[in-house]
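> Sequence isn't available, so here's the structure alone:
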């Protein structure tokens, strides 16, 4: 026998309820009682025979278009689960509408859920809206004020685009088929983008755009579609199936075409940037050309010859200077040696009163022992020579 704790039992029951798909995304009708607004909404739903607790968290409650009250009959959408701490099951509400619109809203949510399961709303299938359309198709009532608003906006914002109007019913039982026919014609007319929509109205007035067949048509079109139905707070099946939703027809016209004044500003900015870039580039090129011209001029034969001539003249001057310095140095050295030689010159000695004696063989006589009595000798003076015969020698 397995013994469970209370927590384990409550957790098991909660898991079982979560596994039951029939208890997820249900629509439940009842009267509100014990209503408490604490950011999260806590209340009880009851009918004539039973009741169930309910909670709507702040993230969902902030999207409500009305404030629930005690005694009010409503239709809620949510899932059933267990509040494990207290061991009670309750409805976790994600959306709520007054009971008056309950059946219509329930059908809307059902169709929305089915189409979503078929992939009709998948973002991967969405086509991009062209930036600069040439042909803009508009599927709407030709008598509605919304059409005139779109004409005024597109002609002012982007007069380059051609606007083609495909009149259609936008209200009533025949409106869905009329919208589908107009979309088909616009898709075959090579439009770049198609706007489908109408002005504001009651929930019933907008019901033509909650049609399954219309959603299929929008999904299979080759041309991107912008849906613009009613006011900003209105959502239709066509909005989810379209490639882009606009909150109003006027907003759709603004989304479909660019603002030509902004384009002109962008072009002016690009022109200014291009001019500045061209001026900067031109300046850089001129500077580079000047540098290259200077380098080329320095390398020209005339400049090379002039430079080489200057270098040669400088070398000649240096050579002349060096030669002059060398000559002067040699002259100085020569003068010094001449002076030294003059000091040693025998003739200078003779000029001071001395004489040089030579024998007949022209050998100079340096001492008395080299001559004898009877030798012939020559005596050189500074101004001439005398010839004599030795008659006597005498040692000191």
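Received the coordinates, thanks. The shown structure was predicted, so the numbers you read here are calculated from the model rather than taken from an experiment.
> Am I right that residue 195 is in contact with residue 249?
Yes. With the criterion set as CB atoms under 8 Å, residue 195 and residue 249 qualify as a contacting pair; they are 7.3 Å apart. Any C-beta I mention is one placed from the backbone N, CA and C, and that applies to glycine too.
> Show me the common contact partners of these two, please.
Shared contacts of residue 195 and residue 249 (CB atoms under 8 Å, 6 or more residues apart in numbering): 140, 150, 228.
> which of those residues lies closest to residue 55?
Set against residue 55, the nearest of the shared contacts of residue 195 and residue 249 by CB to CB is residue 228 (36.1 Å).
> Centre of the chain to whichever strand or helix holds that closest one, how far?
Element membership of residue 228, judged by DSSP states H and E, is strand 225-229. Centre-to-centre, strand 225-229 and its host chain are 33 Å apart (CA atoms, centre = their mean, to the nearest Å).
> now stretch 228-246
The gap between the average C-alpha position of stretch 228-246 and the chain average comes to 34 Å, counting by CA atoms, centre = their mean.
> Between the two ends of it, how far is it?
5 Å (CA to CA, to the nearest Å).
> measure the nearest residue to residue 175 once chain neighbours are set aside to residue 140 for me?
Beyond its immediate neighbours in the sequence, the residue positioned closest to residue 175 (CB to CB, 6 or more residues apart in numbering) is residue 208, lying 3.5 Å away. Taken as CB to CB, to the nearest Å, the spacing of residue 208 relative to residue 140 amounts to 11 Å.
> can you tell me the average pLDDT over the helix ranked longest in the chain?
Residue-count comparison of every helix in the chain, with assignments taken from DSSP state H, identifies helix 301-344 as the longest. Regarding helix 301-344, the rounded mean pLDDT is 82.
> Residue 176 should be in a helix, yeah?
Yes. When classified by DSSP: H, G, I helix; E, B strand; the rest coil, residue 176 is found to be part of a helix.
> Doesn't the residue nearest to residue 175 belong to a helix?
Yes. Secondary structure assignment places residue 208 in a helix (three-state DSSP).
> circling back: overlap in contacts of residue 208 and residue 140?
With contacts taken as CB under 8 Å, 6+ apart, residue 208 and residue 140 have residue 170 as neighbours in common.
> Point out the other helices and strands that the strand holding residue 228 packs with.
Using 3 or more CB pairs under 8 Å, 6 or more residues apart in numbering; DSSP states H and E, the elements in contact with strand 225-229 are strand 193-198, helix 237-241, strand 244-245, helix 249-256.
> picking up where we left off before, thought residue 177 was touching the residue nearest to residue 175, still the case?
No. Under the criterion of CB under 8 Å, residue 208 makes no contact with residue 177, lying 9.4 Å away.
> Looking at the two, which one has more neighbours?
Counted by other CB atoms under 10 Å, residue 208 and residue 177 do not tie: residue 208 has more neighbours, with 24 against 16.
> which parts of the lengthiest strand in the chain are buried?
When the chain is parsed with DSSP state E, its longest strand is strand 26-38. Neighbour counts over strand 26-38 (16 or more other CB atoms under 10 Å) mark 27-28, 30-32, 35 as buried.
> what sits against residue 163?
Residues in contact with residue 163, defined by CB under 8 Å, 6+ apart, are 136, 138, 150-151, 154-155.
> Just the element for residue 280, please.
Residue 280 belongs to helix 260-298 when assigned by DSSP H and E.
> Just give me how far that helix sits from the chain centre.
When distances are taken as CA atoms, centre = their mean, helix 260-298 is centred 22 Å away from the chain's centroid.
> And stretch 191-203, by the same measure?
Remark: stretch 191-203 is offset 37 Å from the chain centroid, using CA atoms, centre = their mean.
> would you turn the buried residues of strand 26-38 into JSON lines with pLDDT and distance to residue 318?
Rendered in JSON lines, the data for the buried residues of strand 26-38 read as follows (pLDDT from 0 to 100; distance: CB to CB, whole Å):
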{"residue": "27", "pLDDT": "89", "distance to residue 318": "113"}
{"residue": "28", "pLDDT": "90", "distance to residue 318": "115"}
{"residue": "30", "pLDDT": "90", "distance to residue 318": "119"}
{"residue": "31", "pLDDT": "91", "distance to residue 318": "121"}
{"residue": "32", "pLDDT": "92", "distance to residue 318": "116"}
{"residue": "35", "pLDDT": "94", "distance to residue 318": "114"}
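> Return the closest of those with respect to residue 389.
Relative to residue 389, the closest of the buried residues of strand 26-38 is residue 27; by CB to CB it sits at 177.0 Å.
> Tell me how far residue 111 lies from residue 53.
Plainly put, residue 111 is 30 Å away from residue 53 if you go by CB to CB.
> what's the answer for residue 75, then?
For residue 75, the distance to residue 53 - CB to CB - is 17 Å.
> So for those two, which sits in the more crowded spot?
It is residue 75, of residue 75 and residue 53, that has more neighbours when counted by other CB under 10 Å, with 22 against 15.
> Is that one within a helix or a strand, and which one?
Per DSSP H and E: residue 75 is located in strand 73-83.
> Report the angle between that strand and strand 26-38.
80 degrees (axes from the mean of the first three to the mean of the last three CA atoms, to 10 degrees).
> What lies in contact with the very next helix or strand once past strand 73-83?
Counting by DSSP H and E, the element after strand 73-83 in chain order, helix or strand, is strand 88-98. Identification of contacts with strand 88-98 by CB under 8 Å, 6+ apart yields 13, 17, 28, 41, 45, 52-57, 60, 63-64, 66, 68, 72-83, 105, 109.
> Quick check on those residues: which are buried?
Buried members of the contacts of strand 88-98, counted by 16+ other CB under 10 Å: 28, 41, 45, 54-56, 60, 68, 72, 74-82, 105, 109.
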